[in-house]
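1. just a sequence and a predicted model for now, questions to come.
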Amino acid sequence: MGIGTASRTVNVRPNAPMPIGELMDASLHPPLVIGLAGMLAGLLMAALSMGLSRMPVWRHGRRFALVAVTSAGYCAFDLTMVLGSTPSVVAFGVQAALLWGVAHGIAWLWYLAALNGRALNRFERILAAAGLLAGVAGLIPGAIVTREIATIRVPWFGAVYRTPQPTLLGGVLYGYFALMLTGVAVRAARHWPAGDRARGIGIGVACLGLLGLNDTLVSAGRLNMPRLFDAGSAAVVLFAGLASQRYLAEELTEAQHAVARTERLVSVSRLAAGIAHEINNPAAVIQHELAQVLLNGPDMPRHVAHARGAVDRIVYVVRQLLDLGLASRPGSAAPASFAVAPVVERAAAAVQARFKPDALALEVEPDLSAFGDPVRVEAVLVSLLGNAAHAVETFASPRASVRAARDGDRLRITVADNGPGLPPEVIARLFEPFVNAKPFGQGAGLGLAVANGLMHSQNGGLQLVRTGPRGTEFALDLPLAASTGGASPSPPAPAPSVTRTLGLLIIDDDPDLRLVLQEAAEAYRFRAAAVATVADAFREIESGTPVDIVLCDVMMPDGGADTWLRQCRQTHPALAARTIVITGGPSSAEALALADANPDRLLYKPFAMADVRALALRLMHEP
């Protein structure tokens with residue numbers, strides 16, 4: 001039998017079920033599989049949509065769940081035509097399936113209206129109400145189908161259907177159902193420009209209308225095709241559901257990005273506010289005091305001293321910010337094995353004067369070594385001990401302690417005090433820049449942020465262990481290292497002094513800074529020459545200018561310290577070894593790498609000329 005030929009037999013025994021042999025064949029044929037798959041797909045998508053509807057970004061999930069569950073209901077009752085049921089059961093199944101189908105169309109109208117942010121309009125309400133009334137009326141026995149059962153076979157598809165014959169009202173209701181789905185498709189198509197999601201739903205619902213017409217013609221024996229509305233409704237529900245899940249995922253991702261952007265903006269805002277406060281205050285002092293200096297009054301030295309103190313405050317804040325940025329870079333430290341006891345003792349000695357006698361206790365487990373940067377660990381301990389000293393400075397019986405011990409394969413150092421504890425509003429943002437527990441105007445609020453960065457830069461950690469009325473305790477940890485025997489490294493022998501005037505070559509593209517450095521160098525027994533580029537520096541050397549030490553900026557338009565060192569190592573290797581690298585803050589990857597490669601020859605602007613002299617003397621005596 002060909003595809004264009006239909007086989008239709010009318011069963012004259014209205015109360016008899018399908019013969020058992022034909023029932024077994026029907027239980028295996030494709031319509032049964034399609035119907036069951038459609039029902040399960042609808043139920044699964046309904047459950048998933050109900051679960052996701054709790055999320056604010058998909059508030060329409062409940063409405064789509066109704067679309068999915070009505071599709072599942074239609075597929076379930078439509079199965080009566082392929083399960084070999086009695087004619088009365090088949091008739092009731094077809095009536096119920098039509099009601100579920102009408103409900104499916106109404107659910108689509110409701111869902112699409114919600115997607116567009118509106119309620120059902122008058123036409124849609126009339127369409128839905130009329131369809132619902134007709135569907136309910138269709139449950140009346142004999143209203144839309146008779147008890148006469150026709151067995152329809154589609155051999156090329158392997159399908160066998162047992163369908164009751166529609167009445168005149170039934171034919172009208174089937175047509176109305178197809179018209180409703182067409183109306184839904186038209187509504188969806190109006191939003192074609194809204195994207196693939198809207199287009200896919202529009203095309204899918206339009207196809208459902210055509211499939212509903214197909215099933216009507218199949219039931220009437222006018223078309224030799226399978227009944228396809230079950231498969232079509234399940235496919236459209238799955239497509240729309242998966243498209244909504246993708247849309248939901250995109251909205252969630254965008255929401256996460258928006259939150260991240262907001263958090264970054266808040267952090268930048270806090271950072272900018274902190275910088276503005278910490279720098280603008282001393283800048284105002286400088287502005288005021290320099291105005292007084294211009295008046296040439298008798299208090300000129302006092303005004304200059306105040307201005308110098310304000311500059312020092314700016315330098316301190318900027319240096320803390322640089323330390324925060326540099327220390328926060330993973331791997332920026334050069335870890336090595338070191339003995340813990342000397343580091344703890346040096347840190348305690350640095351702040352001992354701020355404590356009352358016997359107020360600071362040290363307890364270090366013997367023969368203890370760690371793997372990290374001892375200079376950075378000492379800096380963190382000094383910061384923590386400074387905070388502890390401030391916390392107990394008004395106490396009659398102040399106590400603070402440092403304890404270092406093994407904790408598994410890690411070193412754990414705790415710093416504790418019996419101070420008043422930290423305020424709750426500070427604890428939540430403890431390691432953020434410019435968060436300060438000290439009274440207003442005392443400290444920049446960068447100490448713990450820098451300390452946290454210093455520990456993380458060497459594979460360590462810093463945590464707040466406890467805080468409250470009985471005191472505060474911090475803990476820092478590092479990997480343990482092989483024992484060094486507890487011996488402190490011998491201090492380096494002091495370099496012999498150099499009494500003669502040293503030739504200093506300054507390479508910096510800032511003309512004002514060149515002039516200031518050149519003038520300041522004379523007071524520290526330097527004979528200074530200043531140039532703007534690396535090329536000018538080589539011309540200065542070739543002209544016969546005696547040069548013992550070079551002061552070179554990291555970043556300059558025509559090449560900075562990296563260019564100078566690379567070329568100088570080829571022509572003047574000894575002078576390359578006596579080059580001091582200066583920077584206002586390395587911002588590029590190349591500048592950061594250069595700063596990391598020359599930590600013992602790096603000075604941050606602004607720097608004191610006394611530091612230049614001390615570093616120059618050390619470089620002059622290095623082999």
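-> Noted; the coordinates are in hand. Residues are numbered from 1 along each chain as shown.
2. switch to C-alpha atoms for all contacts and neighbour counts from now on
-> Noted.
3. just the helices in the stretch 401-550 of the chain please.
-> Here the stretch 401-550 of the chain has its helices, by DSSP state H, counting those that start in this stretch, at 424-427, 447-456, 511-522, 534-542.
4. which of the ones you listed is buried the deepest?
-> Mean neighbours per residue, mean count of other Cα atoms under 10 Å, is largest over these for helix 447-456, with a mean of 25.
5. tell me the contacts of the closest residue to A449 other than its chain neighbours?
-> Spatial nearest neighbour of A449, excluding adjacent residues (Cα to Cα, 6 or more residues apart in numbering): F431 at 4.6 Å. Going by Cα atoms under 8 Å, 6 or more residues apart in numbering, F431 touches L448, A449, N452.
6. need the worst-confidence member of those residues.
-> Note: of these, the lowest pLDDT belongs to A449, at 74.
7. does it really touch H456, like I thought?
-> No - at 10.8 Å, A449 does not count as touching H456 under the criterion of Cα atoms under 8 Å.
8. which neighbours do those two share?
-> Counting by Cα under 8 Å, 6+ apart, A449 and H456 have no shared contacts at all.
9. need the contacts of F431 in a markdown table (columns: distance to L79).
-> Below are these laid out as a markdown table (distance: Cα to Cα, whole Å):
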| residue | distance to L79 |
| --- | --- |
| L448 | 70 |
| A449 | 68 |
| N452 | 67 |
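10. what is the nearest of these to G372?
-> N452 (14.1 Å; Cα to Cα).
11. residues contacting the closest residue to G503 other than its chain neighbours?
-> Excluding the flanking residues, the one nearest G503 by Cα to Cα, 6+ apart is V547, at 4.4 Å. The contact partners of V547, by Cα under 8 Å, 6+ apart, come to L502, G503, L504, L505, I541.
12. next one: V547, what pLDDT does it get?
-> As predicted, V547 sits at a pLDDT of 92.
13. and for G202?
-> Per-residue pLDDT puts G202 at 67.
14. how close does A391 sit to G468?
-> Applying Cα to Cα, to the nearest Å, the value for A391 to G468 is 12 Å.
15. quick check: neighbours shared by the two?
-> Common contacts of A391 and G468 (Cα under 8 Å, 6+ apart): P420, G421.
16. mind checking how far L430 is from L448?
-> Going from L430 to L448 by Cα to Cα gives 7 Å.
17. ignore what I typed, I meant P424.
-> As judged by Cα to Cα, P424 and L448 stand 16 Å apart.
18. same question, A593
-> Distance, A593 to L448, by Cα to Cα: 25 Å.
19. before we move on, what about M225?
-> Distance, M225 to L448, by Cα to Cα: 76 Å.
20. mind checking pLDDT for V343?
-> So V343 comes in at 91 (pLDDT).
21. quick check: phi and psi on D558?
-> D558 adopts backbone torsions of phi -100, psi 20, taken as degrees, to the nearest 10.
22. just give the nearest non-adjacent residue to it, would you?
-> Closest residue in space to D558, ignoring its immediate chain neighbours: T533 at 6.6 Å, by Cα to Cα, 6+ apart.
23. surely L36 and Y74 touch.
-> No - when contacts are counted by Cα under 8 Å, L36 is not listed as touching Y74 (10.8 Å).
24. of those two, which one has the most company?
-> It is Y74, of L36 and Y74, that has more neighbours when counted by other Cα atoms under 10 Å, with 29 against 19.
25. and that one, what element?
-> Here Y74 sits within helix 61-78, counting by DSSP states H and E.
26. pLDDT averaged over that helix - what is it?
-> When pLDDT is averaged along helix 61-78, the result is 84.
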